[in-house]
Structures are given as structure tokens and as C-alpha cells.
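Engineer: Generate coordinates for the sequence data below:
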Amino acid sequence: MMCKASYILSNKPCLPKILKRSSALFINGPKATDNFVYVTPHIDFPERIKQKDVLKSELRKRQSKINLDKLENLWFVYEELKSRKTELDKKKVEVSMELGNLLKEGSTGDSVEKLKIQVALLKENIKKLKVPLWSAEEMAIVESLKLSNSIHPLTPDGGRNILFEYSSRPSNNKNHLKIGKDYNLINFTKNENYYLLGDAAVFELGANFYFSKILKQKNFIQFSNPDFTKSLVIEGCGTDHTNPDSTFILHHNEDTEGNSDNRLHLTGAGSLYSFFAYHTKNVLYNKVLPLKYFTIGRQYVPSPIEESSLLHASQSSVVEMFIATKSSTELYEVFDQVINITRDLYTQLGYHFRLSLVPANELNMWESLRLAIEMYSSSHKGYVEVGNISLSGDFISKRLMFTYTEEKQTKFPHILSGTILNVPKFLACVLEQNNDFVVPELFRVEQWSMKPK
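Structural biologist: Now for the predicted structure:
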């Protein structure tokens, strides 16, 4: 069956099969003549491998499948070939200078001919070395880009570390979709297609206004982001840009290249990808840091789960946060402030929730630490994340060359980001609370305002 639309947005089987896992972020050698190189990522593998035991321990904690010994061997081969080319280039320059001096002096004879032959041989050897060097470079760097972020000392090795808990969890067997249907609050067709009606729609808008007002009072600046993001930004943020279960990939019917690395992805304005779409290859003055941004918008995430639920919705209205600081010390200070803001935001609403630190094996590869904002779902029979706050340090900044200058030095900002509120998941848990559903006082229309009070 052929897809009729000119552009296809789906995570379903009509997508062309991606045959080869390549990199949209790193392009070298002959590929650079066919593709514009937007970014050259900063690779810190040589520094990280100096603490190999620490790196191995972190990979074990994450339950990562990366073969560190294989990666180290690839990097060794790449460095050896690069060193050989450097030596040949240096030798060619020396011989060429010697030959040039002789020619300036008008010298002839065997000495000149020998030098000419030597230069020709050096050029030939350098030319022959380029292809294996490019191949080794691509293999080593692409594999190193799969290496996950360092783990923050506060990240638990196993199990969640609960930092704060408000009120007691509900004790019932309510299902939010049944409640939504009975009270005409939700028209739910499937995870990709649903509508909020009546008080549920008021709840969504009111939640956004409430979070917006408080964040503005805390000196956050509201930001406007694009809904679409390029493949290189997706990969730069640590996500496989070829995986249709990770992002919605736009495909053109006339695009016959199944391994193209220059696609657009529908991520929504409320995503980390969209913030980095703006900040990629961006250079800041140090005096503007820290940056404290938030945005209200849609977030689109494919849902491979067949179970119908707002907890698995593919499109969500969210409040997304993005903070950039100069150092890890400053980042953790801001993280502490954000925890307090988040705790106060949710406590004022009166619903049961908890804040917990996620164990290493549940982190995304770009995260070093994640705080989960959790509420209990009786239909899910467990806690679900209605929001999160993540520390990634300078991991993504290095990959996408987001920098700032200080004392004539180029440095990488440290990043805190997160979906501080996912409205569909939040609404689902609220509908399943013990009490009957009413729009909270803080979400009601008379409270709506575009300006902080």
C-alpha cells in the first residue's frame, strides 16, 4: 500500500526502511563534498578514556551495550593513521622547502631530481592514506558519539530516591478515559487522536497560564520555538534520528534515499530539540548567562504502546524549560532553585505527587541526572511521570557547538532542561484522584493572564 500524501508523518510501516545507521551530526571526507557541514562536534573521548574504570562503571550502571574496548581500539587506529599523515605532511613540507631553495639557487642535477621524486612519493602516500584515515575517523567518531553522558553523583544506582512527597496517594480503581467519556470531558479515538472538551479544555489552558505566570515571576523568559527540527539536532541531543519510534520523521515520496540524514522531524515547540535548534552553533557573551527560558507548546512523541490512554498520547500540551549556565557548580545551584519552584507549583494545586531521582539505568543517554515529577495513576496501577527536570551538563553543548566566550576562551554552557508539566498525563492522574473532578481555582478563566502579577 502506498502513502498518498506528499509528505508522510507517521511511525507506521509505510515509512521507507532506513537501511544504514549513519550520522547526521558528523560528516567527513568525500561525504563533505555532497553535504553541507553545519557543525563539527567537539569530541571529548580522549579525555574520558583516561578514566577508563570510571567510564566502564558508568556504562554498567546504565546497562549500556557499548563495547568500550572496541571503541578504544577504533580510536587507537584512527589516532595512528592521523599521526602517520601528520608526519608525512610535515616531511613533504620540509622536502618541498629544500627543493624550492635549490631551485631558487639555480641548482640542477641528481640532488634536485631525487627531491622531486621524494616529493612525488610523499604526495602519493598521503593520497593513499586519506581514504583509510577518513574511514577510521568516521568509525571512531560515530561510535564515540554513541557514548552516553557522565553520571551525576546524585543519580541512584538502583531504585528511585524519593526527595519529596505531598499528601497520600489515591486509593480507588478509577479510569480517566471512562470518567472523561461519562462527563463529556474527553473525546478519545486513539493515542494519536483525541480532544479535550468543556472543563478539561479549560483545565489545559488554565494549567499553562498558571505555570507561565509563576515562571515569569521567577524571572524566566518565555521563548518561541519551531515545531520542526533537523536530523543533526536530533542526533546532537542524543537521539537516534533514524528511529521512527523516537521522533516523527517527515518523508518525501520522491526521496528514494532510505538512509538520508537531512530530514525534518516533527518534535513540537515544547521540546529540548526545538530549543537546541535555535542554540546550535550559537556563541554567547559570558555576561548573558545564566539563560532561563521556558516555552508553552505541543510536544510530539511516537507512541509504540497500543493501550489507549492519555498516558501514552503522541501529542501533548507541555511547559518546557531550558536553562544554560557557565559551570556545573552554577548549574547545580539553579537545579536546587528549580526543585523548590516545582515543589511549590504542584503543592499549591493540592494533588498528591512526589519528586524522585531516577536510577542510572532509566536515564536517557544524554542525561546525567533526572528529577521525575510523579503522580499516581489508578488505571496504570503505578506512578507516572507528569514532568521531569534533567541535567545534561555540557554534553549536548559540545555535540552541537553551543558556546560562550570568557577571557578570550571558548567554553561550553551547562544545560538544565525538562518538561515541567505534561498536561495530558497530569489531567489523567487528576481525573483518577479520589474526589470528583473540578477545575482548580488557580486554573479558572478569571485567573488567566499573559502578564505576571
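Engineer: all contacts plus neighbour counts: C-alpha atoms, from now on.
Structural biologist: OK.
Engineer: Could you look up the SS state of residue 371?
Structural biologist: Classification of residue 371 using DSSP: H, G, I helix; E, B strand; the rest coil returns strand.
Engineer: and it, what are its bridge partners?
Structural biologist: residue 357, residue 389 (DSSP bridges).
Engineer: what ranges do the helices span in the stretch 1-150 of the chain?
Structural biologist: Counting by DSSP state H, counting those that start in this stretch, the stretch 1-150 of the chain has helices at residues 31-34, 45-48, 52-62, 68-104, 110-144.
Engineer: and the last one with helix 68-104, angle?
Structural biologist: Read it as helix 110-144. Taking axes from the mean of the first three to the mean of the last three C-alpha atoms, to 10 degrees, one finds helix 110-144 and helix 68-104 inclined to each other by 160 degrees.
Engineer: Which strands and helices lie in contact with whichever helix or strand comes after helix 110-144?
Structural biologist: Downstream of helix 110-144, the first helix or strand assigned by DSSP states H and E is strand 161-166. Under the contact definition 3 or more C-alpha pairs under 8 Å, 6 or more residues apart in numbering; DSSP states H and E, strand 161-166 sits against strand 353-357.
Engineer: what packs against the strand it packs on?
Structural biologist: strand 161-166, strand 369-377.
Engineer: Tell me which of the helices of the stretch 1-150 of the chain lies nearest to residue 247.
Structural biologist: helix 110-144 (20.1 Å; C-alpha to C-alpha).
Engineer: Enumerate the positions of the closest one that are buried.
Structural biologist: In terms of neighbour count (16 or more other C-alpha atoms under 10 Å), helix 110-144 has its buried residues at 112, 115-116, 118-119, 122, 126, 129, 133-134, 136-144.
Engineer: residues near residue 154, how many?
Structural biologist: When neighbours are defined as other C-alpha atoms under 10 Å, residue 154 has 14 of them.
Engineer: Give me the spatial nearest neighbour of it, chain neighbours excluded.
Structural biologist: In this structure, residue 154 finds its nearest non-sequential neighbour in residue 369, 7.2 Å apart by C-alpha to C-alpha, 6 or more residues apart in numbering.
Engineer: I'd say that neighbour and residue 156 touch.
Structural biologist: No. Here residue 369 does not reach residue 156: they are 9.0 Å apart, not a contact under C-alpha atoms under 8 Å.
Engineer: which neighbours do those two share?
Structural biologist: 357, 358, 360 (C-alpha atoms under 8 Å, 6 or more residues apart in numbering).
Engineer: circling back: neighbour-wise, which of residue 369 and residue 156 wins?
Structural biologist: Neighbours of residue 369 and residue 156, each counted by other C-alpha under 10 Å, are more numerous for residue 369; the result is 26 against 17.
Engineer: Phi and psi next, for residue 249.
Structural biologist: In terms of degrees, to the nearest 10, the main-chain angles of residue 249 are phi -100, psi 130.
Engineer: Could you grab the helix/strand/coil label for the spatially closest residue to it that is not a sequence neighbour?
Structural biologist: Distance criterion C-alpha to C-alpha, 6+ apart; nearest residue to residue 249, sequence neighbours excluded, is residue 265 at 4.6 Å. Here residue 265 is recorded as strand under three-state DSSP.
Engineer: contacting residues around residue 265?
Structural biologist: Neighbours of residue 265 in contact, by C-alpha under 8 Å, 6+ apart: 228, 229, 230, 231, 247, 248, 249, 250.
Engineer: Please apply the same query to residue 289.
Structural biologist: 324, 325, 326.
Engineer: now do 10 Å
Structural biologist: 323, 324, 325, 326, 404, 413 (C-alpha atoms under 10 Å, 6 or more residues apart in numbering).
Engineer: Out of the residues you listed, which sit inside strands?
Structural biologist: Secondary structure from DSSP state E places 323, 324, 325, 404 of the contacts of residue 289 in strands.
Engineer: wait, isn't the third one in contact with residue 416?
Structural biologist: Right, residue 325. Yes. Applying C-alpha atoms under 10 Å, one finds residue 325 in contact with residue 416, separated by 8.4 Å.
Engineer: Under the pLDDT cut-off, which ranges of the protein? List them.
Structural biologist: Residue ranges of the chain with pLDDT under 70: 1-22, 29-37, 252-261, 449-453.
Engineer: Give me the angle between the helix or strand where residue 330 lies and strand 369-377.
Structural biologist: Taking DSSP H and E as the definition, residue 330 sits inside helix 328-347. Put simply, helix 328-347 runs at 10 degrees to strand 369-377, going by the same axes, to 10 degrees.
Engineer: circling back: so which of the contacts of residue 265 is surrounded by the most neighbours?
Structural biologist: In the contacts of residue 265, the most neighbours by other C-alpha under 10 Å go to residue 249, 27 neighbours.
Engineer: give me the beta-bridge partners of that one?
Structural biologist: residue 10, residue 265.
Engineer: wait, it sits on residue 267?
Structural biologist: Yes. Residue 249 is within contact range of residue 267, at 9.0 Å (criterion: C-alpha under 10 Å).
Engineer: Report the set of residues contacting both of the two.
Structural biologist: In contact with both residue 249 and residue 267: 228, 229, 230, 302, using C-alpha under 10 Å, 6+ apart.
Engineer: which of the residues you listed sit farthest apart?
Structural biologist: 230 and 302 (16.8 Å).
Engineer: Centroid-nearest residue for the chain?
Structural biologist: Centre of the chain computed as the mean C-alpha position; nearest residue by C-alpha atoms, centre = their mean is residue 237, 2.8 Å away.
Engineer: which one is it nearest to, not counting chain neighbours?
Structural biologist: Residue 237's closest residue in space is residue 396 (C-alpha to C-alpha, 6+ apart), at 5.7 Å.
Engineer: re earlier: can you tell me which of the helices and strands packed on strand 353-357 is most buried?
Structural biologist: Ranked by mean neighbour count, the helices and strands packed on strand 353-357 are led by strand 369-377 with a mean of 26 (mean count of other C-alpha atoms under 10 Å).
Engineer: Reformat the shared contacts of residue 249 and residue 267 into JSON lines and put secondary structure next to each item.
Structural biologist: Below are the shared contacts of residue 249 and residue 267 laid out as JSON lines (three-state DSSP):
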{"residue": "228", "secondary structure": "strand"}
{"residue": "229", "secondary structure": "strand"}
{"residue": "230", "secondary structure": "strand"}
{"residue": "302", "secondary structure": "coil"}
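Engineer: nearest to residue 38, of the residues you listed?
Structural biologist: Distances from residue 38 to these, taken by C-alpha to C-alpha, are shortest for residue 230, at 10.9 Å.
Engineer: wait, the closest one sits on residue 263?
Structural biologist: Yes. Using C-alpha under 10 Å, residue 230 is in contact with residue 263, at 5.9 Å.
Engineer: residue farthest from the centroid of this structure?
Structural biologist: residue 109 (63.2 Å).
Engineer: what residues are up against it?
Structural biologist: Residue 109 neighbours (C-alpha under 10 Å, 6+ apart): none.
Engineer: For residue 103, see how far away it is.
Structural biologist: 11 Å (C-alpha to C-alpha, to the nearest Å).
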